[in-house]
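Trainee: Build me a structure from this.
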Amino acid sequence: MSYALELHGIVKRFPGVLANDHIDLAVEPGEIRALVGENGAGKTTLMRILYGLHQPDAGEVYIHGQKQTFHSPHDAIRAGLGMVHQHFMLFPSLSVGENVIYGAEPTRAGFVDRRMARQKVAEIAQQYGLQVDPTARVEQLPVGIRQRVEILKTLYRQAEILILDEPTAVLTPQERDSLFKILRGLAAQGKTIIFITHKLHEVMSLSDKATVLRAGRVTANLRTAETSREEISRYMVGREVMLVVNKPPAQVGEVVLAVENLVVEDETGRARVADLSLQVRTGEIVGLAGVAGNGQTELIQAITGLGPITSGRITLEEQDVSHVSVAGRRKAGQAYIPEDRTHVGLAAAASVADNLLMGFQREAAFSRHGLLSLKGIREHASRLIQRYAIKVAAPSEPAANLSGGNLQKVVVAREFSHQGRLLIAEQPTRGVDVGSIEFIHQRLLNYRSEGNAILLVSAELSEIMSLADRILVMFEGRIVGELNAAEASEAKLGLLMAGGSEKIRD
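Mentor: I've put the predicted structure just below:
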């Protein structure tokens, strides 16, 4: 059989890590192949090798039967590859057409032929059903259209093999469905597509086959029509995983967190949070959904004390904390799992034990007369490391040595052990494997059942819909809709996330 792409025995080592361990991969022309695995399984490293961003220590790459050696992405592009990165590589101030042709501009008499460029971009967009205006300025486009521009860039350079890294990370459900339609159309016209994802429902919905990596090795090549999410997760983790949480009915009590008429302005005076009010009660999980950039970050910073407010009021168990410090809010009963674990949630140079201690260091179990109890700190760290299955050589090891998933476990372990009534959980399962997601979800539900309040912010609608009792949707700094979990659907939430009406038809 003639393959569009073949990888034979790919090996890649980094200091102390075998990222790719003799990986073989063969993909047919017109196929959509999903590449799945836990955080740190070697997916992105493998694709960066394929695109010329890394050089393999061993192994061979074949494109349409021809052996290739890629020293840079330019070599990969010349061989017919294109890559759409998770973080878009676009110039916001330029037009769609200018972004697409950048670095490969058509010329006439030594000058860029802009008319020819616009015409060619429009022709490619029409040919592949991408529906993009070449004259539109990128900074004015929604995220879903910007992603089409990235795909257009690869097609303009005549890519036959497209690599997409977590392509739906910032898309609404409607934008995701539109992207999938485009990718199926590209495959139908003979393009070969590889997409990296950790979302099993996307694997089942889009791909023809799935290649599963674990610890740098291929553990399975599966035909999607002949497998299941449960089987894929078993190959990813090495054991059975509960993919559906069992959520008992909520026992809702008194208000723990109240946000009243909150306004947060940026340095230009623009309202990032606009007259927003919400409440979170004991015994419930309130989910906050929205496309990134619609004020969720500024709202959470205001609630946690990490950012100033312009006006409004925030109360925690009836105590006004609008202008109270982060430490003061923690003392009042607030725990916080931040979105940015590296810069906000952790001190990378400090030990794992010290990171697990942060916020508790003044408690009697760890400090007497201003002196820290090293024995108490070690016991506390060892207990949490074991309970949360944190992979670390010793509690004294610097946090910087841990993988992203294990860093997230450190933050989660510390905040769950904080005896507060309110937990702000911002992307609590980002970057952790399927088995750890299962564990964290159960801990969130246990925390709720113990009579505590949770405000959950997540980019994963499936996570919000399975865990939350009520779901609030933010758009342009405002709450534009509220749904009970029982009535929520991706279609309803997605329309609200895009600024649509609250009156939604199924």
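Trainee: Can you tell me what sits against stretch 261-268?
Mentor: 271-277, 295, 298-299, 301-302, 307-314, 477 (Cβ atoms under 8 Å, 6 or more residues apart in numbering). Where C-beta positions appear, they are placed from N, C-alpha and C, glycine not excepted.
Trainee: Name every strand pairing with the helix or strand of the chain at the bottom of the mean pLDDT ranking and say which way it goes.
Mentor: Lowest by mean pLDDT, DSSP states H and E among the helices and strands of the chain is strand 367-368, with a mean of 74. Using DSSP bridges, the strands paired with strand 367-368 are strand 371-372 (antiparallel).
Trainee: contacts for the partner strand?
Mentor: Contacts of strand 371-372 (Cβ under 8 Å, 6+ apart): Q361, F366.
Trainee: Show me what the following helix or strand past that strand is packed against.
Mentor: Counting by DSSP states H and E, the next helix or strand C-terminal to strand 371-372 is helix 374-387. Applying 3 or more Cβ pairs under 8 Å, 6 or more residues apart in numbering; DSSP states H and E, one finds that helix 374-387 makes contact with helix 352-357, helix 404-416.
Trainee: which residues touch the least confident helix or strand of the chain?
Mentor: Q361, S373.
Trainee: Tell me where the stretch 401-506 of the chain has strands.
Mentor: 422-426, 453-457, 470-475, 478-484 (DSSP state E, counting those that start in this stretch).
Trainee: Turn these into TSV, including mean pLDDT and mean neighbour count.
Mentor: Output for the strands of the stretch 401-506 of the chain, formatted as TSV (pLDDT from 0 to 100; neighbours: other Cβ atoms under 10 Å):
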stretch	mean pLDDT	mean neighbour count
strand 422-426	95	25
strand 453-457	96	26
strand 470-475	95	23
strand 478-484	94	18
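Trainee: can I get those strands in JSON lines with distance to E28?
Mentor: As requested, those are exported to JSON lines (distance: least, Cβ to Cβ, whole Å):
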{"stretch": "strand 422-426", "distance to E28": "41"}
{"stretch": "strand 453-457", "distance to E28": "40"}
{"stretch": "strand 470-475", "distance to E28": "41"}
{"stretch": "strand 478-484", "distance to E28": "42"}
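Trainee: returning to what we had before: report the distance from the least confident helix or strand of the chain to the chain centre.
Mentor: 40 Å (Cα atoms, centre = their mean, to the nearest Å).
Trainee: Over to stretch 482-501?
Mentor: For stretch 482-501, the distance to the chain centre is 20 Å (Cα atoms, centre = their mean).
Trainee: got the buried residues for it?
Mentor: Buried residues in stretch 482-501, defined by neighbour count with 16 or more other Cβ atoms under 10 Å: L483, A485, A488, E490, K492, L493, G494, L495, L496, M497, A498, G500.
Trainee: try stretch 287-306
Mentor: Under 16+ other Cβ under 10 Å, the buried positions of stretch 287-306 are 287-291, 294-305.
Trainee: likewise stretch 228-238?
Mentor: Under the neighbour-count criterion of 16+ other Cβ under 10 Å, stretch 228-238 has R229, I232, S233, R234, Y235, M236, V237 buried.
Trainee: Turn these into JSON lines, columns for secondary structure, pLDDT and distance to Q251.
Mentor: Output for the buried residues of stretch 228-238, formatted as JSON lines (DSSP: H, G, I helix; E, B strand; the rest coil; pLDDT from 0 to 100; distance: Cβ to Cβ, whole Å):
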{"residue": "R229", "secondary structure": "helix", "pLDDT": "87", "distance to Q251": "31"}
{"residue": "I232", "secondary structure": "helix", "pLDDT": "91", "distance to Q251": "35"}
{"residue": "S233", "secondary structure": "helix", "pLDDT": "86", "distance to Q251": "31"}
{"residue": "R234", "secondary structure": "helix", "pLDDT": "88", "distance to Q251": "34"}
{"residue": "Y235", "secondary structure": "helix", "pLDDT": "90", "distance to Q251": "38"}
{"residue": "M236", "secondary structure": "helix", "pLDDT": "86", "distance to Q251": "35"}
{"residue": "V237", "secondary structure": "helix", "pLDDT": "76", "distance to Q251": "32"}
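Trainee: Now flag whichever of the residues you listed is closest to D177.
Mentor: R229 (18.5 Å; Cβ to Cβ).
Trainee: Could I get the contacting residues of the residue nearest to that closest one when sequence neighbours are not counted?
Mentor: Setting aside the residues directly before and after it, R229 is nearest to L200 in space (Cβ to Cβ, 6 or more residues apart in numbering), at 4.2 Å. Residues in contact with L200 (Cβ under 8 Å, 6+ apart) are V36, R229, I232, S233, L243, V434.
Trainee: got it, and G477?
Mentor: Here G477 is in contact with V264, A271, R272, V273, A274, L276, N294, G295, E298 (Cβ under 8 Å, 6+ apart).
Trainee: let's see 7 Å
Mentor: Neighbouring residues of G477 by Cβ atoms under 7 Å, 6 or more residues apart in numbering: A271, R272, V273, A274, L276, N294, G295.
Trainee: thought the fifth one was touching V259?
Mentor: Just to be clear, that refers to L276. Yes - with contacts counted by Cβ atoms under 7 Å, L276 reaches V259, the gap being 6.4 Å.
Trainee: Could you check how far T227 is from V149?
Mentor: 33 Å (Cβ to Cβ, to the nearest Å).
Trainee: Comparing the two, which residue is more hemmed in?
Mentor: Neighbours per residue (other Cβ atoms under 10 Å) separate T227 from V149, with V149 holding more: 25 against 17.
Trainee: just for the chain, where's the confidence low?
Mentor: Applying pLDDT under 70 to the chain picks out residues 1, 39-40, 169-170, 241-244, 364-365, 404, 431-433, 501-506.
Trainee: Specify the local secondary structure of the nearest residue to H198 once chain neighbours are set aside.
Mentor: Spatial nearest neighbour of H198, excluding adjacent residues (Cβ to Cβ, 6+ apart): V36 at 6.6 Å. Here V36 takes the strand state, with states given by DSSP: H, G, I helix; E, B strand; the rest coil.
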